[in-house]
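Novice: Structural data only, the sequence is not supplied:
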């Protein structure tokens with residue numbers, strides 16, 4: 001195991017109790033290092049935001065922490081080829097608010113106190129969020145012109161929908177995962193399935209999913225059956241509430257879908273409003289596809305070593 005000396009001031013990101021610890025290199029992504037202190041902080045960060053992780057063995061949590069840091073480094077290196085990662089206070093504040101509400105806290109002060117219990121400070125959380133926000137901006141800037149929306153087809157679907165009396169509406173959650181050249185499909189799927197059994201679908205989505213919805217535990221929301229592709233419709237149509245699909249191939253990876261609820265809805269459709277929602281849904285779907293494919297590409301090119 002390689003050792004490095006502490007010459008830099010890392011007090012802003014580390015709890016004061018960690019400062020006297022000897023630092024070891026745990027992994028390298030290209031020429032950027034991940035230390036044992038980084039892994040410890042990431043582990044604490046994951047536990048602070050995902051309490052159910054405590055139900056997993058320590059080795060699994062450490063593995064998740066290392067994988068999370070490697071993924072973050074891969075994104076950060078790619079983004080910084082094009083622009084500096086800056087903090088957008090308004091966006092970050094909204095995301096932080098969503099985070100602490102998700103774990104049952106009611107204020108920022110409570111959240112800061114909660115983080116301190118895990119030896120994590122708010123600055124570290126903001127830096128991590130900033131990387132994810134910058135990645136989203138990067139994907140939009142890179143692929144926005146590649147998005148193709150068939151507005152005519154969408155309007156036809158909405159028109160057909162508006163002519164019906166009712167439509168089945170499904171409450172869905174997703175886990176979109178990729179398999180890199182360095183991974184094995186069966187092993188990755190086994191890990192995910194085991195995690196779902198141990199900590200549930202939502203917590204597993206936060207760890208494994210590459211979709212934007214991971215921040216909300218994979219929640220997509222209510223979706224009309226007519227909005228689903230034929231392949232996904234055929235998988236979903238067979239499921240009862242609480243059941244999960246088999247992995248469905250998507251561009252660059254696979255998707256697991258969970259049916260959280262179903263209802264037949266009396267249709268009172270505002271066609272213009274529904275059109276905007278459908279366009280936004282399709283745009284996000286395509287951006288997720290491009291994000292997944294592009295991330296897999298740069299991950300496979302990265303030089304990653306663990307020690």
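Specialist: Good, I have the coordinates. As the structure is a computational prediction, the values presented were derived from the model and not from experiment. Numbers count the residues shown, from 1 in each chain.
Novice: Go ahead and confirm residue 74 touches residue 299.
Specialist: Yes. Between residue 74 and residue 299 there is a contact under C-beta atoms under 8 Å: 5.3 Å. All C-beta atoms are positioned from the backbone trio N, CA, C, and that covers glycine.
Novice: Which neighbours do the two have in common?
Specialist: When contacts are counted by C-beta atoms under 8 Å, 6 or more residues apart in numbering, residue 74 and residue 299 have no shared neighbour.
Novice: Strands of the stretch 201-307 of the chain, residue ranges please.
Specialist: Along the stretch 201-307 of the chain, the segments classed as strands by DSSP state E, counting those that start in this stretch run 219-224, 248-250, 253-266, 304-306.
Novice: make that the stretch 1-150 of the chain, sorry
Specialist: For the stretch 1-150 of the chain, the strands defined by DSSP E, counting those that start in this stretch occupy 3-4, 23-29, 32-35.
Novice: tell me which residues of the longest one are tucked away?
Specialist: If I follow you right, that is strand 23-29. Neighbour-count burial for strand 23-29, counted by 16 or more other C-beta atoms under 10 Å, picks out 23, 25-29.
Novice: got JSON lines for the strands of the stretch 1-150 of the chain, with mean pLDDT too?
Specialist: As requested, those are exported to JSON lines (pLDDT from 0 to 100):
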{"stretch": "strand 3-4", "mean pLDDT": "41"}
{"stretch": "strand 23-29", "mean pLDDT": "93"}
{"stretch": "strand 32-35", "mean pLDDT": "95"}
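Novice: quick one, what contacts the closest residue to residue 168 other than its chain neighbours?
Specialist: Nearest non-adjacent residue to residue 168, counting by C-beta to C-beta, 6 or more residues apart in numbering: residue 225, 4.9 Å away. When contacts are counted by C-beta under 8 Å, 6+ apart, residue 225 touches 167-170, 233, 236-237.
Novice: likewise residue 196?
Specialist: When contacts are counted by C-beta under 8 Å, 6+ apart, residue 196 touches 204, 244.
Novice: Work out for me the element it sits within.
Specialist: Residue 196 is located in helix 185-199, with elements delineated by DSSP states H and E.
Novice: Just put the strands of the stretch 201-307 of the chain in JSON lines and tack on distance to residue 69 and mean neighbour count.
Specialist: Putting the strands of the stretch 201-307 of the chain into JSON lines (distance: least, C-beta to C-beta, whole Å; neighbours: other C-beta atoms under 10 Å) gives the following:
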{"stretch": "strand 219-224", "distance to residue 69": "25", "mean neighbour count": "16"}
{"stretch": "strand 248-250", "distance to residue 69": "25", "mean neighbour count": "16"}
{"stretch": "strand 253-266", "distance to residue 69": "21", "mean neighbour count": "17"}
{"stretch": "strand 304-306", "distance to residue 69": "11", "mean neighbour count": "12"}
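Novice: Present these as TSV; the columns should include distance to residue 211 and mean pLDDT.
Specialist: TSV is the format used below for these (distance: least, C-beta to C-beta, whole Å; pLDDT from 0 to 100):
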stretch	distance to residue 211	mean pLDDT
strand 219-224	9	88
strand 248-250	10	89
strand 253-266	8	90
strand 304-306	22	93
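Novice: quick one, which of those is nearest to residue 119?
Specialist: Nearest of the strands of the stretch 201-307 of the chain to residue 119, taken as C-beta to C-beta: strand 304-306 at 23.6 Å.
Novice: which residues are in contact with the closest one?
Specialist: 26-29, 66, 70, 182.
Novice: Can you tell me which of the residues you listed is closest to residue 275?
Specialist: Comparing the contacts of strand 304-306 against residue 275 with C-beta to C-beta places residue 70 closest, at 40.7 Å.
Novice: residues contacting the closest one?
Specialist: Residue 70 neighbours (C-beta under 8 Å, 6+ apart): 27, 29, 34, 304.
Novice: repeat for residue 39
Specialist: 26, 62, 65-66, 69.
Novice: Let's see which of those end up in helices.
Specialist: 62, 65-66, 69 (DSSP state H).
Novice: Mind putting those residues into a markdown table with distance to residue 259, pLDDT and neighbour count?
Specialist: Shown next, in a markdown table, are the ones in helices among the contacts of residue 39 (distance: C-beta to C-beta, whole Å; pLDDT from 0 to 100; neighbours: other C-beta atoms under 10 Å):
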| residue | distance to residue 259 | pLDDT | neighbour count |
| --- | --- | --- | --- |
| 62 | 33 | 91 | 16 |
| 65 | 31 | 93 | 24 |
| 66 | 32 | 94 | 18 |
| 69 | 33 | 95 | 22 |
